[in-house]
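Trainee: got a structure for you, letters missing:
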């Protein structure tokens, strides 16, 4: 059904008169009026009714920032509980609810939306399009997220009211029989919220694929399509295969919980069925989250290395390879379930092989910087931090892909360290690089460069101090998802020291994000105006992309209007 909708969308975009049937952003139905050029309403009405891709991108970004804050507060509370071995602060039930909410929030309400924010704002500008192919669907995809978030957080929000609803305590993997037998309406709310976020992501993916295929400018061919657009295209293809399957599995889980079906009954092997369905979505989800950040780094890093990206075609090919191979490794999450050893061996082989495309990208980034004219601006620092953290996260993942090692490290803190080096140390770092690089484009203002570098160093130090001790905790046998670790066996004192270091690192990360928030908000409101249409001085390096040409035209238009002259002609 999803592929049918995608095909219909692509066909409609090839019909010559299609645009005339789609009203422009300002509300007129004229095909001559470009999206975004028509006058918009002001105030709250603008944001509630806008279909302009730039406005939708900013709304995605604001939503993702709020979700990031929610998930961050949850992890600060959890890490504070783990300062001492006993469970003496939050209680085990509330800790488990925070753990579940933190994981789902960071993956579905921060990770996917923040990439949609960058993609929505930039893709049309990068490919020379006037807007997304389906502006209204684009806006609807965003407006599904706030109710989805309220449903996901509903249990924790309603629990203090004493209405019989608590936060879901299933972890983000939702494994039966726990997720089926937990008699808590908060689990149902969370499943419904997750379903909404999946529909949102699928609608966005159809829009991105159609836009990149049919809305490119005349001078943008497949041969010179920018690397970020390539990664968004592959990511969108992954979403079209992965998220509908998750939605189907969630519906089956809801039916088991509320209508007595037995899709995931223990007696019929349902727990294994859930794991196969969930991880067929879950591992491509990792690459759904990491491919666009790879594209951002591949686009931004060369700008401050003074060189074009080394091996551009091979970076594109490795992106396509990751998109395909990501669907062939899901069962490496299930090595400890007792599956047939021959099947385990095949998944181990593909899991190790998938490291090769990532290694291609890593070596190309390093080679791009080699003997380059490096400028250590805030975006460049975060790109370098991305590469460093991605190497650590990737190498630890290769070890976990080996069956004998995985059987020892499975469900320990080593898995948490590996995953968070990629999620926080790589994906979030790439997003920060994008925010700082395109901040003049978003706002027309400059941020405080010194504060931006403080943000980087606090985040980099906090990442290492938080997650490297977790690698050691995993080697020591510390199981994950425990609210306490006074287990009565093993070197508890050693666990305490490493947990305290990790908690200190989380506090350092939190301080860094407060610096980021202060810098962004104050600079947006009163930062110095950008005086040049080429704020990063990239023209001499022949490294500018289409979005800066748009920015220069907009700046000239604003200056002309401010001087009382006529508005220059040209596309939005």
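Mentor: Nice, I can see it. The shown structure was predicted, so the numbers you read here are calculated from the model rather than taken from an experiment.

Trainee: Centroid-nearest residue for the chain?
Mentor: residue 111 (2.5 Å; CA atoms, centre = their mean).

Trainee: Nearest residue to that one in space, please, no chain neighbours.
Mentor: residue 289 (4.6 Å; CB to CB, 6 or more residues apart in numbering). Any C-beta I mention is one placed from the backbone N, CA and C, and that applies to glycine too.

Trainee: Burial check on that neighbour, number of neighbours?
Mentor: The tally of other residues near residue 289 (other CB atoms under 10 Å) stands at 21.

Trainee: what's it in contact with, if anything?
Mentor: Contacts here follow CB atoms under 8 Å, 6 or more residues apart in numbering; on that basis residue 289 touches 107, 111, 112, 115, 423, 427.

Trainee: Run a quick neighbour tally on the third one.
Mentor: Counted by other CB under 10 Å, the residues lying close to residue 112 total 26.

Trainee: can I see the domain layout of the protein?
Mentor: For the chain, the structural domains run 1-15+50-264, 302-548, going by automatic domain parsing.

Trainee: What separates the first and last residues of the longest one, distance-wise?
Mentor: Read that as domain 302-548. Using CA to CA, to the nearest Å, one end of domain 302-548 lies 16 Å from the other.

Trainee: Apart from its chain neighbours, what residue comes closest to residue 405?
Mentor: Leaving aside its chain neighbours, residue 405 sits nearest to residue 399 (5.1 Å; criterion: CB to CB, 6+ apart).

Trainee: how near is that neighbour to residue 363?
Mentor: Distance of residue 399 to residue 363, given as CB to CB, to the nearest Å: 20 Å.

Trainee: One more: residue 304?
Mentor: Residue 304 is 19 Å from residue 363, by CB to CB.

Trainee: Of those two, which one has the most company?
Mentor: Higher neighbour count among residue 304 and residue 363: residue 304, with 26 against 13, using other CB under 10 Å.

Trainee: ok, residue 233 - how many residues close by?
Mentor: 23.

Trainee: Quick check: it touching residue 212?
Mentor: Yes. Using CB atoms under 8 Å, residue 233 is in contact with residue 212, at 5.0 Å.

Trainee: Any stretches of this protein with poor pLDDT?
Mentor: Applying pLDDT under 70 to the chain picks out residues 1-39, 487-493, 538-544, 558-572.

Trainee: now the helices: where do they sit in the stretch 201-350 of the chain?
Mentor: Remark: helices assigned in the stretch 201-350 of the chain by DSSP state H, counting those that start in this stretch are 227-259, 270-305, 312-325, 341-353.

Trainee: Just name the most buried of those helices.
Mentor: Across those, averaging neighbours per residue (mean count of other CB atoms under 10 Å) puts helix 270-305 on top, at a mean of 23.

Trainee: quick one, it and helix 312-325 angle?
Mentor: Relative orientation of helix 270-305 versus helix 312-325 (axes from the mean of the first three to the mean of the last three CA atoms, to 10 degrees): 170 degrees.

Trainee: Between helix 341-353 and helix 270-305, find me the angle.
Mentor: Interaxial angle, helix 270-305 versus helix 341-353 (the same axes, to 10 degrees): 10 degrees.

Trainee: quick revisit: please determine how far the residue nearest to residue 405 is located from residue 54.
Mentor: 43 Å.

Trainee: out of the two, which sits in the busier spot?
Mentor: residue 54 (20 against 12).

Trainee: Doesn't the more buried one lie inside a strand?
Mentor: No. When DSSP: H, G, I helix; E, B strand; the rest coil is applied, residue 54 is found to be helix, with no strand at that position.

Trainee: That one and residue 119 touch, don't they?
Mentor: No. At 11.9 Å, residue 54 does not count as touching residue 119 under the criterion of CB under 8 Å.

Trainee: what's the neighbour count on residue 495?
Mentor: Neighbours around residue 495, by other CB under 10 Å: 23.

Trainee: show me the residues around the closest residue to residue 173 other than its chain neighbours that make contact.
Mentor: In this structure, residue 173 finds its nearest non-sequential neighbour in residue 278, 6.4 Å apart by CB to CB, 6+ apart. Contacts for residue 278 (CB under 8 Å, 6+ apart) come out as 173, 174, 175, 246, 249.

Trainee: Could you work out the most separated pair of those residues?
Mentor: Distance extremes for the contacts of residue 278: the farthest pair is 175 and 246 at 14.2 Å, using CB to CB.

Trainee: hmm, who's touching stretch 158-176?
Mentor: When contacts are defined by CB under 8 Å, 6+ apart, stretch 158-176 is touched by residues 93-94, 96-101, 103-104, 107, 154-156, 178-179, 182, 184-187, 189-191, 253, 256, 264, 266, 270-271, 274-275, 278, 282, 481.

Trainee: Which of those residues fall within helices?
Mentor: Residues of the contacts of stretch 158-176 located in helices (DSSP state H): 93-94, 96-101, 103-104, 154-156, 178-179, 185-187, 189-191, 253, 256, 270-271, 274-275, 278, 282.
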